[in-house]
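Undergrad: here are the coordinates; sequence isn't available:
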Ligand code: DGY
């Protein structure tokens, strides 16, 4: 049974996988496997290690008769039709826990960077436009002591909230069910979506589902405070990007920091690129060497267990 890896990963992981099976790796670190090659190479694969950019839909799953497992190198799995995979006895795994602190750290960094206009300020210096100290030059907005509304209080949301607590923030969160541990540990308050939108910082850390798709739209941005900052490290699909741009340009909210976009990578002519008050990062939530090593190792461990006929460490349950 073959293991397909859809992006180039360090050789030591491939060597480990080779102890369990024949391995085929798409030899490119940057470009995803073209769709037809992805399907073709998966036809005789038992296990596929996928990236977020690989669409594992019905068409793909129907074409792959030998597939036992899809192992996604991400905690999110909105690129995979998990229900249909499970109906076809295909296990789906993801990489939870190992990326929690790193991703929360990026969310907090993005909040600070956006609030303190760090990208604009560094650009000003780089372009040689810094002419001297001025009382309100690059004046941003405080983070410490402000209110934060966290949409999605899973492990990343909770780890982010811990950082907010250290900054003395008033923490609110919105999820389907209450998170009593976070309430006890962090003094976080469960609020409805409308109240969450009244926070100084509205931060989306949620996974993308049919229910949360485009939840940050014209109506949501209208209801936010004029000096609010919106941060998204969940998925781009949560946001109607045209509405966000219009809200920032109209001054309905102050700024936004985004690690995720509806379409990645960003298109050259995307209007966010001309808007200084919108900071866009290239989906680097979990991108530290330590964490990427740990995520890949978890994928390898899952693959080896599946090849042995054992329960994998981190199957996705829907
Ligand atoms: C994931 O793994 O789903 C996150 O988007 C990491 O950045």
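TA: Right, received. Where do you want to start? Note that this is a predicted model, so its numbers are computed, not measured.

Undergrad: C-alpha only now, for contacts and for neighbours.
TA: Fine.

Undergrad: At the geometric centre of the chain, which residue sits there?
TA: The geometric centre of the chain, computed from its C-alpha atoms, lies nearest to residue 234 (C-alpha atoms, centre = their mean), at 4.2 Å.

Undergrad: Next one: that one from residue 199, what distance?
TA: Taking C-alpha to C-alpha, to the nearest Å as the measure, residue 234 falls 18 Å from residue 199.

Undergrad: residue contacts, the residue of the stretch 151-300 of the chain found nearest the ligand?
TA: Nearest residue of the stretch 151-300 of the chain to the ligand, counting by C-alpha to the nearest ligand atom: residue 285, 3.6 Å away. The neighbours of residue 285, taking C-alpha atoms under 8 Å, 6 or more residues apart in numbering as the test, are 102, 103, 104, 106, 107, 233, 259.

Undergrad: restrict these to those near the ligand?
TA: Among the contacts of residue 285, none lies close to the ligand by the criterion of C-alpha under 6 Å from any ligand atom.

Undergrad: Of these, just the buried ones, PyMOL syntax please.
TA: A single PyMOL command selects the buried members of the contacts of residue 285 (16 or more other C-alpha atoms under 10 Å):
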select buried, resi 102+103+104+106+107+233+259
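
Undergrad: now the contacts of residue 285 as JSON lines including secondary structure and pLDDT?
TA: Converted to JSON lines, the contacts of residue 285 look like this (DSSP: H, G, I helix; E, B strand; the rest coil; pLDDT from 0 to 100):
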{"residue": "102", "secondary structure": "helix", "pLDDT": "98"}
{"residue": "103", "secondary structure": "helix", "pLDDT": "98"}
{"residue": "104", "secondary structure": "helix", "pLDDT": "98"}
{"residue": "106", "secondary structure": "helix", "pLDDT": "98"}
{"residue": "107", "secondary structure": "helix", "pLDDT": "99"}
{"residue": "233", "secondary structure": "coil", "pLDDT": "98"}
{"residue": "259", "secondary structure": "coil", "pLDDT": "98"}
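
Undergrad: Need the three-state assignment for residue 292.
TA: helix (DSSP: H, G, I helix; E, B strand; the rest coil).

Undergrad: That one reaches residue 286, doesn't it?
TA: Yes. Judged on C-alpha atoms under 8 Å, residue 292 makes contact with residue 286 at a distance of 6.9 Å.

Undergrad: These two: who's more crowded?
TA: Taking neighbours as other C-alpha atoms under 10 Å, residue 292 and residue 286 compare with residue 286 leading, 21 against 18.
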